[in-house]
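[1] compute the structure for the input listed below.
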Amino acid sequence: MTPYRIARAAAGAAIAIILIAALYGGLERLGWRLPPVEAGTNSVHGALMIPGFFGAVIGVERAVALTTGARSRRARLAFAGPALCALGALLLVLDPGGAAGRLALTGGSFALVCVYAVVIWRQPTLFTVTMGAGAYALLIGNTLWSSGKPIYAIVHWWIAYLVLTIVGERLELARMVRPTPGRTATFAGAALLYLGGVAATVFAPDTGTRLAGAGMLALAAWLARYDIARRTVRQRGLTRFIAVCLLAGYAWLAIGGGLALTLGFAGKAYGYDAILHSVLLGFVFSMIFGHAPIILPAVARLPVPYHPRFYAHFILLHASLILRVVGDLAGSPVARRWGGLGNEIAVVLFLLLTARAVLSSHHAPPARAELRHPSPITPSTGR
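    Numbering: from 1, shown residues only. As a prediction, the model looks like this:
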């Protein structure tokens with residue numbers, strides 16, 4: 001095997017271990033009785049998923065985009081961020097209460113901020129600044145957690161990392177429909193409202209949560225109004241599947257924002273769970289489901305030909321998430337538990353169907369869609 005393939009296999013194995021541990025911990029938190037493991041991960045489920053799993057996955061994507069065409073060893077330092085995020089998560093799996101994992105995650109997020117500094121220097125635009133702000137939010141969240149803050153007190157910083165990264169990418173593609181200064185200003189206002197609310201959670205948790213919820217609502221409304229997915233949903237095949245995933249994700253971002261605005265920090269029975277997973281599952285994983293056939297060929301050089309069976313994990317995710325959120329709001333632990341199980345089955349089904357698509361057409365050319373995944377360095381070339 002070449003060094004590249006060895007590194008890719010090692011990275012894939014590490015990310016798989018992190019995801020499995022996070023899903024296992026999630027089931028424990030939901031109340032499912034599972035065989036005990038020596039170091040339980042239920043207390044760091046969120047840390048494994050967001051700064052660990054997503055820190056590594058998104059970090060790799062950014063590093064690949066930044067180093068494409070670069071031959072210097074210095075350019076390869078961009079991979080230090082995702083490597084540290086993966087290392088930190090693995091250390092948490094071995095010792096959930098240890099400080100080493102937290103410090104490694106913090107170091108990884110700092111490296112990601114440095115990568116975005118280079119990105120913004122090369123292309124100083126609103127969408128790169130938005131994604132850079134997301135990386136900075138991750139760094140702040142990890143730093144606060146390392147200093148002893150509980151996860152529930154800093155989780156909105158982690159969520160902001162994902163929300164701002166995604167909306168920044170969508171803003172880049174919105175250029176394809178000729179954005180006006182008014183649209184750009186509206187987006188900037190919504191993003192600032194959201195980020196201001198997240199920042200306010202440090203000293204005023206309830207007010208900050210409500211402001212962040214208002215910001216999420218504003219971002220969801222902007223995306224639903226101006227994203228190109230409104231047009232491409234009328235097409236067929238992979239293009240329609242991506243658009244359906246995006247539009248469903250925007251609906252869940254609005255739901256999460258509405259719940260945060262209404263319930264605030266304290267909320268009601270399981271309100272915290274409803275807010276977090278409306279965004280982290282409904283919004284974020286909808287984006288993952290839709291973009292996997294585009295991202296994997298670009299980042300991992302693995303073709304993922306589209307198949308209508310992809311709607312299976314999409315439908316299961318959203319149906320089970322509805323059950324979970326309704327159970328949260330109704331104070332029903334049974335509905336919440338079964339809905340959460342359905343969520344995790346949907347994620348596993350997504351992985352299995354994606355792997356099947358890769359194996360069934362390993363030598364096929366990468367799937368083409370009307371929208372190509374944007375690079376944070378160069379302008380989009382999607383049609």
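
[2] quick one: low-confidence residue ranges for the stretch 51-200 of the chain.
    For the stretch 51-200 of the chain, residues meeting the criterion pLDDT under 70 lie at 68-75, 174-179.

[3] what's near enough to touch the closest residue to residue 326 other than its chain neighbours?
    Closest residue in space to residue 326, ignoring its immediate chain neighbours: residue 335 at 6.2 Å, by Cβ to Cβ, 6 or more residues apart in numbering. For every residue, glycine as well, the C-beta is placed using N, CA and C. Contact analysis of residue 335 by Cβ atoms under 8 Å, 6 or more residues apart in numbering lists 323-324, 326-327.

[4] so can I have CSV of these showing secondary structure, neighbour count and distance to residue 360?
    Listed next are those as CSV, based on DSSP: H, G, I helix; E, B strand; the rest coil; neighbours: other Cβ atoms under 10 Å; distance: Cβ to Cβ, whole Å:
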residue, secondary structure, neighbour count, distance to residue 360
323, helix, 21, 32
324, helix, 28, 32
326, helix, 14, 37
327, helix, 22, 37
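
[5] state the distance from the residue nearest to residue 326 to residue 275.
    17 Å (Cβ to Cβ, to the nearest Å).

[6] can you check residue 123 too?
    Distance from residue 123 to residue 275, counting by Cβ to Cβ: 33 Å.

[7] who has more neighbours, those two?
    Remark: of residue 123 and residue 275, residue 275 carries more neighbours, 31 against 16, as counted by other Cβ atoms under 10 Å.

[8] where's residue 203, which helix or strand?
    Following DSSP states H and E, one finds residue 203 outside all helices and strands.

[9] scratch that, residue 169 is what I was asking about
    helix 151-174.

[10] averaged pLDDT, stretch 349-356. What do you get?
    On average, the pLDDT along stretch 349-356 is 93.

[11] list the buried ones in that stretch?
    Of the residues in stretch 349-356, 349-350, 353-354 count as buried by neighbour count, 16 or more other Cβ atoms under 10 Å.

[12] show me which of the residues you listed is closest to residue 311.
    Residue 311 lies nearest to residue 353 out of these, by Cβ to Cβ, at 9.9 Å.

[13] re earlier: after the helix holding residue 169, which helix or strand is next?
    Assigned by DSSP H and E, the successor of helix 151-174 is helix 181-200.

[14] C-alpha coordinates for that following helix, CSV please?
    Extracted C-alpha coordinates of helix 181-200, given in CSV (Å, rounded to 0.1, in the frame of the first residue of the first chain):
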residue,chain,number,x,y,z
PRO,A,181,-26.6,43.8,-1.7
GLY,A,182,-29.9,43.5,0.2
ARG,A,183,-29.8,39.7,0.3
THR,A,184,-26.2,39.8,1.5
ALA,A,185,-26.9,42.4,4.2
THR,A,186,-29.9,40.3,5.4
PHE,A,187,-27.7,37.2,5.6
ALA,A,188,-25.0,39.1,7.6
GLY,A,189,-27.6,40.4,10.0
ALA,A,190,-29.1,37.0,10.6
ALA,A,191,-25.6,35.5,11.1
LEU,A,192,-24.6,38.3,13.6
LEU,A,193,-27.9,37.9,15.5
TYR,A,194,-27.2,34.2,15.8
LEU,A,195,-23.5,34.6,16.8
GLY,A,196,-24.4,37.3,19.3
GLY,A,197,-27.0,35.0,20.9
VAL,A,198,-24.4,32.2,21.2
ALA,A,199,-21.9,34.6,22.8
ALA,A,200,-24.6,35.8,25.2
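
[15] please name every helix or strand in contact with the next helix or strand after it.
    Using DSSP H and E, the helix or strand that follows helix 181-200 towards the C-terminus is helix 205-226. Contact here means 3 or more Cβ pairs under 8 Å, 6 or more residues apart in numbering; DSSP states H and E; on that basis helix 205-226 packs against helix 151-174, helix 181-200, helix 237-263.

[16] the ones you listed into a markdown table, with extra columns for mean neighbour count?
    Shown next, in a markdown table, are the helices and strands packed on helix 205-226 (neighbours: other Cβ atoms under 10 Å):
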| stretch | mean neighbour count |
| --- | --- |
| helix 151-174 | 24 |
| helix 181-200 | 18 |
| helix 237-263 | 22 |
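
[17] quick check: which element contains residue 63?
    Here residue 63 is assigned to helix 55-67, by DSSP H and E.

[18] what angle separates that helix from helix 151-174?
    Angle between the axes of helix 55-67 and helix 151-174 is 30 degrees (criterion: axes from the mean of the first three to the mean of the last three Cα atoms, to 10 degrees).

[19] pull out the buried residues from the helix or strand following helix 55-67.
    Once helix 55-67 ends, the next helix or strand along the chain (criterion: DSSP H and E) is helix 80-94. Across helix 80-94, burial judged by 16+ other Cβ under 10 Å covers 80-93.

[20] looking at those residues, which is nearest residue 112?
    Checking the buried residues of helix 80-94 against residue 112 by Cβ to Cβ gives residue 81 as the nearest, at 4.2 Å.

[21] OK, contacts around the closest one?
    Residue 81 sits in contact with 55, 59, 62-63, 108-112, 114-115, where contact means Cβ under 8 Å, 6+ apart.

[22] returning to what we had before: who wins for proximity to residue 309 among the helices and strands packed on helix 205-226?
    Among the helices and strands packed on helix 205-226, helix 237-263 comes nearest to residue 309, with 10.7 Å by Cβ to Cβ.

[23] the closest one to helix 151-174, inter-axis angle?
    Using the same axes, to 10 degrees: helix 237-263 against helix 151-174 is 140 degrees.

[24] pLDDT of helix 237-263, averaged?
    95.
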